[in-house]
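A.B. asks: curious how this folds, go ahead:
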Amino acid sequence: MRKAFALLTTLVLCTLLLPAVVFGQGNSAENRAEVMHPTHFDTSSRPLREMFERGEKPGPARGGRDFEPGRPQAVGNTNPAGVDPLVQRNNASISAYAQPKAGTTGVGVDPNYRVSPPDTTGDLGPNHYVQWVNLRYAVYDVVRDAAGQISTFQLRAGFPKNGNVIWQGFGGRCETDNDGDPIVQYDQFNDRWVVTQFAVTSTPYTQCVAVSKTGDPTGEYHRYAYSFGRDFNDFPKMSVWSDGYYITYNMFRGGRTFSGANVCALERDKMLTGAPARQICVLTTASHSFLPADIEGMNLPPAGSANPLLSINTTSLLAWRYKVDWTAGTGALTGPTTVPGVSFSRACGGGACITQPNTTQLLDSLGDRLNYRLSYRNFLTHEAMVVTHPVATGGTSGLRWYELRNAVGATLGGAAPVVHQQGTFSPDSTYRWMGSAAIDKTGGIAIGYNVSSKANNIVPGIRYAYRGPADALGALGNETNILVGGGSQLTNLARWGDYSTVSVDPTDGCTMVYTTEYLPNNGTYNWTTYIYSFKLSTCQ
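C.D. replies: All right, here's what the predicted structure looks like:
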């Protein structure tokens, strides 16, 4: 993912050895499994709450260089003509209503080391909310009322911290670099926090992963570094699955040329104890920007299920499955299968065309990929996944969203999904993009996203829309403002957000927490974030 810089990172003086690699059998020559061992691993000697920044000063300006090597697929910067066939020009009639719980301003840009976009991510546990942005993270204590509902997010003393503080004393690139592209996951099955960011200021390009020893995200962590040598591991996206932590990357050979997507699994059972943990990967050139399915709730997928993944091309939704055999040390990637009944035009042709008041600067839709996360839930009677991405419609961008289910007599880990429902939410001419979708334990769906429009004089702000489980298929509505933005992003900075995150409360299976970017006033490198929780009335 791109990271445009206002100030420079510190030069890296330390390098790691290339990883030991063995090969397993995949389902084709291209899909040969690569087994990667960590170049280094340890357990932190101190809890995170006792680790502090060392006061390093940023170096000279980078001269506009950013971390994204390039787009994995060519994009345009104009909206195709026509109205999306699934567009809803007016808010649908929705039986549910949203019950707001708590909200707070989240982590903002570091004024001493400004980067953009924030890559906003976070997850919710029983007692904490952890948010990570480029290049800092924070831990919030979750205060609940007598009914167990979230009433307050309280920032822990000593936070936010720089992202690489968690690898303090680890050595190598993970400790010296603080490059971002973060993901935070709460593993509800083991009461652990899993965090990751890359270290890519220079080679060897490295993925840094840490798993908490307990359910306390301010405690000690088991820490791992995986080296990709001279292949740049861009846009990592991680999920919790039944047999491992799954993670995907866009790979760039020599840090320049897109060479394919890496679909990988991390050996969770070893990571829980701090033992040496493998990463088993399969590289494919057939697509890019994969999203691995991420489990909501406590119902595991059917036994032995492969991890379902999704990606898109210019007009279609593509389904994949990745199955790892930890005993044999092999992995097999199956796909792509084109999901029937899905067709769209990418928002802005995949690139930048989103308008803002008070400036001619256009914002990047990132319409060439699905938006994080791919939310999976096993309802026992059926399996479901929900996801969203921006599409072109009527000269603006709307949110295409899907609920996919297992085919009759099949599982999502054993066969391609089918569309249970889909829609394109675009009730007016305002641009909607940078969404994130989730599904609660009753089947209610909510999508958080950003909005902007020069014609309608709407500076980038934050909204959400939703549906109850009994509402008409394809209906989404009751659009609600979370936060009205304070300004537009100005000249020479097109990238926005890169991703945002909706997560579901593991304690009640209903409450959702959304976090994303906004600007308090006109400017560049002046973003901040917001954290907002709500529950649908249909979920109790």
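A.B. asks: what's the pLDDT at the residue nearest the centre of the chain?
C.D. replies: Taking Cα atoms, centre = their mean, the centroid of the chain lies closest to residue 372, which sits 3.8 Å from it. Note on residue 372: pLDDT of 98.
A.B. asks: look up phi and psi at it.
C.D. replies: Main-chain torsions, residue 372, degrees, to the nearest 10: phi -60, psi 130.
A.B. asks: pretty sure it contacts residue 121?
C.D. replies: Yes: if you go by Cβ atoms under 8 Å, residue 372 and residue 121 touch, sitting 7.5 Å apart. All C-beta atoms are positioned from the backbone trio N, CA, C, and that covers glycine.
A.B. asks: now do the shared contacts for these two.
C.D. replies: Contact criterion Cβ atoms under 8 Å, 6 or more residues apart in numbering; residues shared by residue 372 and residue 121: 499, 500, 501.
A.B. asks: residue boundaries of the helices in the stretch 101-250 of the chain?
C.D. replies: All helices of the stretch 101-250 of the chain, identified by DSSP state H, counting those that start in this stretch, fall at 172-176.
A.B. asks: where do the strands sit along it?
C.D. replies: Along the stretch 101-250 of the chain, counting by DSSP state E, counting those that start in this stretch, strands occupy 115-116, 121-124, 128-133, 136-144, 150-155, 161-162, 183-187, 192-199, 206-212, 221-227, 231-241, 244-253.
A.B. asks: return the most buried member of these.
C.D. replies: Highest mean neighbour count of the strands of the stretch 101-250 of the chain: strand 121-124, a mean of 30 (counted as mean count of other Cβ atoms under 10 Å).
A.B. asks: confidence-wise, which helix or strand of the protein is lowest on average?
C.D. replies: Ranked by mean pLDDT, DSSP states H and E, the weakest helix or strand in the chain is strand 21-23, scoring a mean of 34.
A.B. asks: tell me the secondary structure of residue 49, please.
C.D. replies: For residue 49, the assignment made with DSSP: H, G, I helix; E, B strand; the rest coil gives helix.
A.B. asks: the nearest residue to it once chain neighbours are set aside - how many residues pack around it?
C.D. replies: Closest residue in space to residue 49, ignoring its immediate chain neighbours: residue 218 at 3.9 Å, by Cβ to Cβ, 6 or more residues apart in numbering. Using other Cβ atoms under 10 Å, residue 218 has 21 other residues around it.
A.B. asks: quick check: the gap between the closest residue to residue 289 other than its chain neighbours and residue 205.
C.D. replies: Take residue 289 and drop its neighbours on the chain: the residue closest to it by Cβ to Cβ, 6+ apart is residue 369, 3.6 Å away. Going from residue 369 to residue 205 by Cβ to Cβ, to the nearest Å gives 20 Å.
A.B. asks: check residue 175 too.
C.D. replies: 16 Å.
A.B. asks: higher neighbour count, those two?
C.D. replies: A side-by-side neighbour count of residue 175 and residue 205, using other Cβ under 10 Å, places residue 205 first with 26 against 20.
A.B. asks: now do the same for the more buried one: its pLDDT.
C.D. replies: On the pLDDT scale, residue 205 gets 97.
A.B. asks: who are the contact partners of it?
C.D. replies: For residue 205, the contact set (Cβ under 8 Å, 6+ apart) comprises 198, 199, 227, 228, 229, 230, 231, 232, 233, 255.
A.B. asks: 10 Å - rerun?
C.D. replies: Contact analysis of residue 205 by Cβ atoms under 10 Å, 6 or more residues apart in numbering lists 16, 69, 173, 179, 198-199, 226-234, 249, 251-252, 255.
A.B. asks: check residue 413 too.
C.D. replies: The contact partners of residue 413, by Cβ under 10 Å, 6+ apart, come to 241-242, 293, 301-308, 321-323, 376, 383, 406.
A.B. asks: and for residue 40?
C.D. replies: By Cβ under 10 Å, 6+ apart, the contact set of residue 40 is 16-17, 167, 170-175, 206, 208, 223-227.
A.B. asks: now residue 285
C.D. replies: Residues in contact with residue 285, defined by Cβ under 10 Å, 6+ apart, are 30, 72, 251, 258, 259, 260, 261.
A.B. asks: how many neighbours does residue 35 have?
C.D. replies: Residue 35, neighbours per other Cβ under 10 Å, totals 18.
A.B. asks: same deal with the one 10 residues further on?
C.D. replies: In terms of burial, residue 45 registers 10 neighbours under the definition other Cβ under 10 Å.
A.B. asks: check residue 49 too.
C.D. replies: The tally of other residues near residue 49 (other Cβ under 10 Å) stands at 17.
A.B. asks: my guess is it meets residue 159, correct?
C.D. replies: Yes: between residue 49 and residue 159 there is a contact at 8.6 Å, judged by Cβ atoms under 10 Å.
A.B. asks: joint contacts of the two?
C.D. replies: Taking Cβ under 10 Å, 6+ apart as the criterion, residue 49 and residue 159 both touch 139, 217, 218.
A.B. asks: who's in contact with the spatially closest residue to the first one that is not a sequence neighbour?
C.D. replies: Residue nearest to residue 139 in three dimensions, not counting chain neighbours: residue 156, with 4.5 Å by Cβ to Cβ, 6+ apart. Residue 156 makes contact with 48, 49, 128, 130, 138, 139, 140, 141, 217, 218 under the criterion Cβ under 10 Å, 6+ apart.
A.B. asks: please name the bridge partners of the third one.
C.D. replies: Partner residues in beta bridges with residue 128, using DSSP bridges, are residue 141.
A.B. asks: quick one, which of the contacts of residue 413 are buried?
C.D. replies: For those, a burial check counting by 16 or more other Cβ atoms under 10 Å picks out 241-242, 293, 301-302, 305-308, 321-323, 376, 383, 406.
A.B. asks: narrow these to those in strands?
C.D. replies: Among the buried ones among the contacts of residue 413, the residues falling in strands (DSSP state E) are 241, 293, 307, 308, 321, 322, 323, 376, 383.
A.B. asks: save those residues as a markdown table, and put in distance to residue 80 too.
C.D. replies: Output for these, formatted as a markdown table (distance: Cβ to Cβ, whole Å):
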| residue | distance to residue 80 |
| --- | --- |
| 241 | 36 |
| 293 | 30 |
| 307 | 33 |
| 308 | 29 |
| 321 | 31 |
| 322 | 32 |
| 323 | 37 |
| 376 | 31 |
| 383 | 33 |
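A.B. asks: among those residues, pick out the one closest to residue 190, please.
C.D. replies: residue 241 (12.3 Å; Cβ to Cβ).
A.B. asks: can you verify my assumption that the closest one contacts residue 376?
C.D. replies: Yes: between residue 241 and residue 376 there is a contact at 8.5 Å, judged by Cβ under 10 Å.
A.B. asks: anything in contact with each of these two?
C.D. replies: Joint contacts of residue 241 and residue 376 (Cβ under 10 Å, 6+ apart) are 292, 293, 294, 295, 301, 305, 307, 308, 413.
A.B. asks: just the pLDDT for the fourth one.
C.D. replies: You'll see residue 295 listed with a pLDDT of 98.
A.B. asks: show me the beta-bridge partners of it.
C.D. replies: Beta-bridge partners for residue 295, by DSSP bridges, are residue 376.
A.B. asks: could you check which helix or strand contains the nearest residue to residue 99 once chain neighbours are set aside?
C.D. replies: Closest residue to residue 99 apart from its sequence neighbours, by Cβ to Cβ, 6+ apart: residue 535 at 4.8 Å. Per DSSP states H and E, residue 535 falls inside strand 528-536.
A.B. asks: and residue 41, that's in a strand?
C.D. replies: Yes: secondary structure of residue 41 (three-state DSSP): part of a strand.
A.B. asks: lovely, talk soon.
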